[in-house]
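Visitor: Have a look at this prediction, sequence included:
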Amino acid sequence: MGQLVRGVVARGAGKPVEVVTISVPDPGPGEAVVAIQACGVCHTDLHYRQGGISDDFPFLLGHEAAGVVEAVGEGVTEVAPGDFVILNWRAVCGQCRACRRGRPQYCFNTHNARQKMTLTDGTELSPALGIGAFAEKTLVAAGQCTKVDADAPATVAGLLGCGVMAGLGAAINTGGVGRGDSIAVIGCGGVGAAAIAGARLAGAATIIAIDLDDRKLAGARQLGATHAINSEGLDRDGVVSAIQQLTGGFGADVVIDAVGRPETYQQAFYGRDLAGTVVLVGVPTPELTLELPLIDVFGRGGSLKSSWYGDCLPSRDFPMLIDLFLQGRLPLDKFVSETIGLDDIEAAFQKMHHGDVLRSVVVL
Ligand SMILES: NC(=O)c1ccc[n+]([C@@H]2O[C@H](COP(=O)([O-])OP(=O)(O)OC[C@H]3O[C@@H](n4cnc5c(N)ncnc54)[C@H](O)[C@@H]3O)[C@@H](O)[C@H]2O)c1
Ligand SMILES: [Zn+2]
Ligand SMILES: [Zn+2]
């Protein structure tokens, strides 16, 4: 049975993506089929298509999505047909050592649909992050569907499914930014800009945006940055002293590295105040290494943290953030740079590569 729909597939490393017909099975036990309404283009989709994540081609790309549940399989109680949902890549298991200790946001055994979507010749597809939402419909585990207020436009809601949640959560959840804090964010793409919006939401008093691109800094100011530093041509000490000058000479309480390179991590490490917090949310490539004097790691105190998916718990965070958006307190709509069709993903990758957009969002 199942049904045939259009989806965007990457067939091999570096090859342009193709819009093809895919087969989506009817939902089995614990599964749901979701009619996708919007799906953002994330850097991770480009990593998949370049072969940087795994060799399990063909991939069904797209993972930052919102839509309406069309059908659910046996035993599904958390969502029902007609529900407006955001798809998540953290369907918590409830059983693993993290879940059992009451820390489901770190769940080490998240799950996806058991059945496979396929090409029409039967070739199994690997859905990006277990989602695969550059498609008219997709099959996921029911736990990957988080119901939110249907008044939110899908273009906006879908963004919480990945990058924007990662940035908001890096500030709010991992960094624990609070009222009156000073914070600096290095790299103000979709993720860093969301960290800035999160810091404002949390009541930070000083919010410093750092990027090499003035367009990104202008966007960051719109989302709540109180200061902006263009770090092009600055060495580590130059960036650190610019942060210190804006924080009474001390450094920021929390510095978020939304780039993920040794040089930006060092800026974050030395740009924070004594006993401050570094949050690494940018994803480094495997060959990168970091060298720091151990005495500085000790002597500066504080905490060095990494943030996976903003340490979010979708069932707790997605509905709350959508409510704040609907109340006009979180400008998620500012992250949508353009809306595009399924045929425009390659062009969107180019724009992302050139830094022209925060988010291109596919509308179906
Ligand atoms: N931890 C997670 O769960 C998670 C989730 C989603 C994405 N990410 C990662 O977050 C990172 C950022 O993603 P994005 O979508 O915002 O990417 P992006 O390409 O939109 O933004 C990156 C920004 O960093 C700036 N930049 C690059 N080098 C810099 C430097 N040396 N100093 C200052 N700024 C610099 C760029 O100008 C750009 O504005 C990526 O590594 C991505 O893989 C992590
Ligand atoms: Zn678990
Ligand atoms: Zn993503």
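Guide: Okay, I see it. Small disclaimer: the values here were computed from a predicted structure and weren't measured. Ligands and ions are numbered 1, 2, ... in the order given.
Visitor: how about stretch 248-263: buried residues?
Guide: 251-261, 263 (16 or more other CB atoms under 10 Å). Glycine gets a C-beta too; all of them are placed from N, C-alpha and C.
Visitor: Adding distance to residue 98, write those out as TSV.
Guide: Output for the buried residues of stretch 248-263, formatted as TSV (distance: CB to CB, whole Å):
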residue	distance to residue 98
251	32
252	29
253	27
254	24
255	26
256	23
257	24
258	24
259	27
260	23
261	28
263	32
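Visitor: For the chain, name the helix or strand with the lowest mean pLDDT.
Guide: The weakest-scoring helix or strand in the chain, judged by mean pLDDT, DSSP states H and E, is helix 43-49 (a mean of 93).
Visitor: In terms of secondary structure, what does that one contact?
Guide: Judged by 3 or more CB pairs under 8 Å, 6 or more residues apart in numbering; DSSP states H and E, helix 43-49 is in contact with helix 345-353.
Visitor: list the helices and strands the helix or strand harbouring residue 39 packs on?
Guide: Using DSSP states H and E, residue 39 sits in strand 31-40. Counting contacts by 3+ CB pairs under 8 Å, 6+ apart, strand 31-40 is packed against strand 64-72, strand 137-141, helix 154-157, strand 360-363.
Visitor: who does it pair up with?
Guide: strand 64-72 (antiparallel), strand 137-141 (antiparallel), strand 360-363 (antiparallel) (DSSP bridges).
Visitor: Ligand 1: which of those is closest?
Guide: Of all the strands paired with strand 31-40, the one in closest proximity to ligand 1, counting by CB to the nearest ligand atom, is strand 64-72 (8.9 Å).
Visitor: could you give the mean pLDDT of the next helix or strand after that closest one?
Guide: Remark: after strand 64-72, the chain's next helix or strand is strand 84-87, criterion DSSP H and E. What strand 84-87 shows for mean pLDDT is 98.
Visitor: just checking, what packs against strand 84-87?
Guide: Counting contacts by 3+ CB pairs under 8 Å, 6+ apart, strand 84-87 packs against strand 64-72, strand 145-147, helix 154-157, helix 314-326.
Visitor: got the contact list for the longest one?
Guide: With CB atoms under 8 Å, 6 or more residues apart in numbering as the test, helix 314-326 has contacts from 86, 88, 90, 146-149, 151-152, 156-157, 160, 165, 168-169, 173, 201, 310, 312, 330-333.
Visitor: What residues sit buried inside it?
Guide: Judged by neighbour count (16+ other CB under 10 Å), helix 314-326 contains these buried residues: 314-315, 317-319, 321-322, 325.
Visitor: Any part of that helix near ligand 1?
Guide: No - contact of helix 314-326 with ligand 1 (CB under 6 Å from any ligand atom) is absent, the minimum separation being 12.9 Å.
Visitor: gap between residue 110 and residue 281?
Guide: With distances taken as CB to CB, to the nearest Å, residue 110 is found 18 Å from residue 281.
Visitor: With neighbour numbers in mind, choose between the two.
Guide: residue 281 (30 against 20; other CB atoms under 10 Å).
Visitor: Show me which residues of this structure are close to ligand 3?
Guide: With CB under 5 Å from the ion as the criterion, the chain meets ligand 3 at residues 42, 44, 162.
Visitor: One more pass at 8 Å, please.
Guide: Residues of the chain lying near ligand 3 by CB under 8 Å from the ion: 40, 42-45, 63-64, 129, 161-163, 166.
Visitor: Can you tell me which of the helices and strands packed on strand 31-40 is most buried?
Guide: strand 137-141 (a mean of 26; mean count of other CB atoms under 10 Å).
Visitor: any residue of that one up close to ligand 2?
Guide: No - judged by CB under 8 Å from the ion, strand 137-141 stays clear of ligand 2, getting no closer than 12.9 Å.
Visitor: So what touches that strand?
Guide: Contact with strand 137-141 is made by 3, 5, 7, 24-25, 27, 30-36, 60, 65, 70, 87, 91, 111-115, 117, 127, 130-132, as judged by CB under 8 Å, 6+ apart.
Visitor: Please see if stretch 351-364 touches ligand 1.
Guide: Yes - residues of stretch 351-364 are located near ligand 1 by CB under 6 Å from any ligand atom, namely residue 355.
Visitor: tell me the mean pLDDT over that stretch?
Guide: Here stretch 351-364 scores 94 as its mean pLDDT.
Visitor: Many thanks, we can stop here.
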